[in-house]
Each structure stands twice: as C-alpha cells, then as structure tokens.
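Participant: Fold the following, please.
(4 chains)
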Number of protein chains: 2
Amino acid sequence: MALGKDYATQECSIARALEVVGERWTLLVVRDALYGIRRYNDFLVHLGIPRAVLANRLQALTAEGVLERRRYQESPPRDEYVVTDRGIALWPALRALGRWGREHYGAEPLRIFRHADCGTEIGSYGECAACGTVVPVADVEMVPGPGLDPDPADPVSRALLKPKRLLQPLVVEPA
Amino acid sequence: MALGKDYATQECSIARALEVVGERWTLLVVRDALYGIRRYNDFLVHLGIPRAVLANRLQALTAEGVLERRRYQESPPRDEYVVTDRGIALWPALRALGRWGREHYGAEPLRIFRHADCGTEIGSYGECAACGTVVPVADVEMVPGPGLDPDPADPVSRALLKPKRLLQPLVVEPA
DNA sequence: GCTATAGGTTCAGTCAACGAACTTTCAGTG
DNA sequence: CACTGAAAGTTCGTTGACTGAACCTATAGC
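Facilitator: Next up is the predicted model:
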C-alpha cells in the first residue's frame, strides 16, 4: 500500500507508519516474525506469498530497521531475519487489528495469547488484567484457539500449533 | 493490500482484518472518517486520492459495515459516509499505528489527542492516565501538535486545525 | 442561458503482484 | 564421483490494480 509519493503529503503519523508497513503482505511478515519465524523458506511456506514479493518485503523491512538480517551459518551462507525492537513495537497495532478482525468477522478465537507468568489471557492492548501491567512481548505465550485447524498441511503451521512464547525462534520439523 | 484469494488461507484474525482494511488508502479513509470527514469531496481533497479509487474504497467500506451511507439532502440527491461502530472500533489499531509511526519515524507530534473531560493526553492504547479509563472515541479531543503545518493549502486540512472532538462532523469553510 | 458544485464514471498508461521456471551453493548419500 | 536435495533467491510473461485526466449528470444561483 505504502507509497511515498502520495502519503508524504499527509502530515500524519498513521500515514508515515503505513508507508513502512502498509503494503500488501508486509504486516503479515511482521506478524510471522513476532511468532518466531525467521527463515525465508518458513515465511514462504506459511504465507503462501510469491517468492519475489517475499524477497522484496524482507529487504524493505530490513532497510527500515523492522527486521535484522543475521548470518546463521557460513557454508553455504544462510541468513535469517530477526525482528528488532522497532518490529516488536508493532505488537500493539497487530494485536488491535487482530482483536478487531476477530470481534467483527471471526467466530471463535484462532490463537490465544496469555501472560506466561500467570496464565491470564491478555487484553485488547496487551495488558494482563491479573497483574495490572502491560506484558512484554517476550512474556506472551501463544496457544492455539478452538477455531484453528488442528491438522494443517504445511510444516510451519504445524509447528505453530505448539504453545510457544512470542519471539522464540520457531523450530520446524522436516516434513 | 487485502485480497481474499491468498489471505483466506491464513487462518488469522489479523489477515481477516487486513482483507477489509488492508488495501492502499483504506485505513486513511477510516482515519478521516473518525476525524469527522463525511463527504466525498472532503475525502478527495484531504487525501489527494484518485477519484475512482475513493469511490471504490467508500463502497467497499460501506459494504463491510465500516461506514454507513446516508442521504443528507434530497435535491440534488447527496450522500455522506458516516463511520459506524465497527469503524469506531478501529480507533485502537489506528492509534497504535500512529504512535508507532511517530515514535520511530516522526520527530514532533502532528496531532495531540486528549481526554475532553479532563484535558489529559491519552496514552498508547486510548486510555486516560488521570481517569484510569479507556476514553470513548467521542470523548477524544484532537488538537494540532507542534509538527503540523499551520497554514495548509486545502480547506479540509485548514478545518482540521481547529480543536475538535473525534466523530463530530467536520465543517469546511468554502475556499 | 451560464456557471459552479457534488459526486461520481470512463479510459489509456503505468506499475506492482502473481506463479512458474530457473540459478547458485553446498551437504549428504550411494 | 555423480546424484539428489535444501535454502535462498532471480528472472520473466501475464494479469490485475492504481493513476491522472477527461467526461458526465443533476441542480442551484445569478
């Protein structure tokens, strides 16, 4: 969606944000990065995105400082994309969008997010009602909800069925 | 951004939300609607959006129940687009996106949002720290911040310089 | 009759997305 | 040593969306 040419005239922080994360697929890439996905192929399989578009988005998000490209093996050279603090700061916006989507279009929750320390489901704004604090993203535990397909086709979706903390790197079993 | 064909396979409330509001311009239309803009021409002038795209977005948002089309005069027939409860529910997501944009890319605030009852600036999640409650959108007052151009070219931007409550219909002075 | 306003539609050109095929580099296996 | 397979892309032709300009309709005011 984003495009400097027009959004630049907007004088608006929302428009500024959308220039970075407003394009098609971009917010879903950030979502997956928060879920712990780091590798090109895992994004590819989980999103079902054209390869060229994924490469473009990963590069753009890296250039914007939302992701960081990191070498994880030397031979053959392989890089992974890790979400930065700037990307983590998008969690409240993604959480708000997800709540809105579920409340207005979804029936049952697909994924449930809980405070890992106490097990309480976190609220609309990422807060824990029991502890009275906003939960750091690293302390959010994601568990599958009743609406989620219990036997998805792709190995990345299967790996995401296991309860896990956000940001923790996802371990994908080979198919 | 949105497109059913691919996002439908996502099993994700965020993707579901992006199918509705993820396309280019769509979230900015909703933002303007929350600011009190209701008329085709006012959206057109303020956004600088191609006419055909605006017509498409207004129709799509109306079909999704985010806006409501309402006749405001009979002769000649003229309709305005008013944000619904479903659209108002997007405020936390827009607020979160705007905060992120300002904190990571903007210098000074462009618009400041305050609790109309007590004057306190509202927080990241739309809450009032003084009152300890989430402020209903209708009780949010918008005032220009230091970063905003004090003398914009178009009449809609000029009308938005005056402090006003969200949702209150915008009164545009003829140029 | 003339002009302006509001709210669109139509059209040609451009640009991005899509899906399939292809490339490179290496590790492991027989 | 050839073969297979994985990871991370690049290239390319087609399709679809966005863009800007022009055009259209109905009415009010002068």
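Participant: Any idea how many residues pack against residue A:160?
Facilitator: Using other Cβ atoms under 10 Å in any protein chain shown, residue A:160 is surrounded by 24 other residues. Every residue, glycine included, has its C-beta placed from N, CA and C.
Participant: Run a quick check on it versus residue A:170, I expect a contact.
Facilitator: Yes: look at residue A:160 against residue A:170 with Cβ atoms under 8 Å: they come within range, at 6.9 Å.
Participant: can you tell me which helix or strand residue A:62 belongs to?
Facilitator: Element membership of residue A:62 [criterion: DSSP states H and E] is helix A:51-63.
Participant: Who are the contact partners of residue A:159?
Facilitator: Contact partners of residue A:159, counting by Cβ atoms under 8 Å, 6 or more residues apart in numbering or on different chains, are A:170-173.
Participant: What of residue A:44?
Facilitator: By Cβ under 8 Å, 6+ apart, the residues touching residue A:44 are A:51, A:54.
Participant: try it again with 10 Å
Facilitator: Each residue near residue A:44 by Cβ atoms under 10 Å, 6 or more residues apart in numbering or on different chains is listed here: A:37, A:50-51, A:53-55, A:154, A:156.
Participant: in the longest helix that chain A contains, what's buried?
Facilitator: Longest helix in chain A, counting residues (DSSP state H): helix A:91-105. Across helix A:91-105, burial judged by 16 or more other Cβ atoms under 10 Å in any protein chain shown covers A:91-102, A:104.
Participant: follow-up on the earlier one: could you list every helix and strand that the helix holding residue A:62 packs against?
Facilitator: Contacts defined by 3 or more Cβ pairs under 10 Å, 6 or more residues apart in numbering or on different chains; DSSP states H and E place helix A:51-63 against helix A:13-21, helix A:26-34, helix A:40-47, strand A:67-73, strand A:78-83.
Participant: Is the shortest one in proximity to chain B?
Facilitator: Same thing as strand A:78-83. No: contact of strand A:78-83 with chain B (Cβ under 10 Å from any Cβ of the partner chain) is absent, the minimum separation being 13.5 Å.
Participant: Identify the residue nearest residue A:83 in space, chain neighbours excluded?
Facilitator: Closest residue to residue A:83 apart from its sequence neighbours, by Cβ to Cβ, 6 or more residues apart in numbering or on different chains: residue A:33 at 4.0 Å.
Participant: need the contact list for that neighbour.
Facilitator: Per Cβ under 10 Å, 6+ apart, neighbours of residue A:33: A:43, A:58, A:61, A:66-68, A:81-84, A:87-88, A:90, A:166-167.
Participant: Mind checking what helix or strand follows the longest helix of chain A in sequence?
Facilitator: strand A:111-115.
Participant: near chain B, anything from that next one?
Facilitator: Yes: Strand A:111-115 is in contact with chain B by Cβ under 10 Å from any Cβ, via residue A:111.
Participant: what helices or strands is that strand leaning on?
Facilitator: helix A:91-105, strand A:127-128, strand A:140-144.
Participant: packing partners for the shortest one?
Facilitator: With contacts taken as 3+ Cβ pairs under 10 Å, 6+ apart, strand A:127-128 sits against strand A:111-115, strand A:133-134.
Participant: can you list the residues of chain A near DNA strand C?
Facilitator: Counting by Cβ under 7 Å from any atom of the strand, the residues of chain A close to DNA strand C are A:23-25, A:48-53, A:56, A:75-77.
Participant: now for the residues you listed, which pair is the farthest apart?
Facilitator: Pairwise distances across the residues of chain A next to DNA strand C (Cβ to Cβ) peak at 35.1 Å, for the pair A:24 and A:75.
Participant: Give me the more crowded residue out of the two.
Facilitator: More crowded of residue A:24 and residue A:75, by other Cβ under 10 Å: residue A:24, with 20 against 5.
Participant: From residue B:129, how far off is residue A:31?
Facilitator: When distance is defined by Cβ to Cβ, to the nearest Å, residue A:31 is 29 Å away from residue B:129.
Participant: Please identify which of those two sits among more neighbours.
Facilitator: Between residue A:31 and residue B:129, counted using other Cβ under 10 Å, the more crowded position is residue A:31 (23 against 12).
Participant: contacts with DNA strand D among the residues of chain A next to DNA strand C, please.
Facilitator: Restricting the residues of chain A next to DNA strand C to contacts with DNA strand D (Cβ under 7 Å from any atom of the strand) yields A:51-52, A:76.
Participant: Most neighbours among those, which one?
Facilitator: Neighbour-wise, those (other Cβ under 10 Å) top out at residue A:51, 10 neighbours.
Participant: Could you double-check that it sits in contact with residue A:40?
Facilitator: Yes: with contact defined as Cβ atoms under 10 Å, residue A:51 counts as touching residue A:40 (8.5 Å).
Participant: contacting residues for residue A:70?
Facilitator: A:38, A:78-82.
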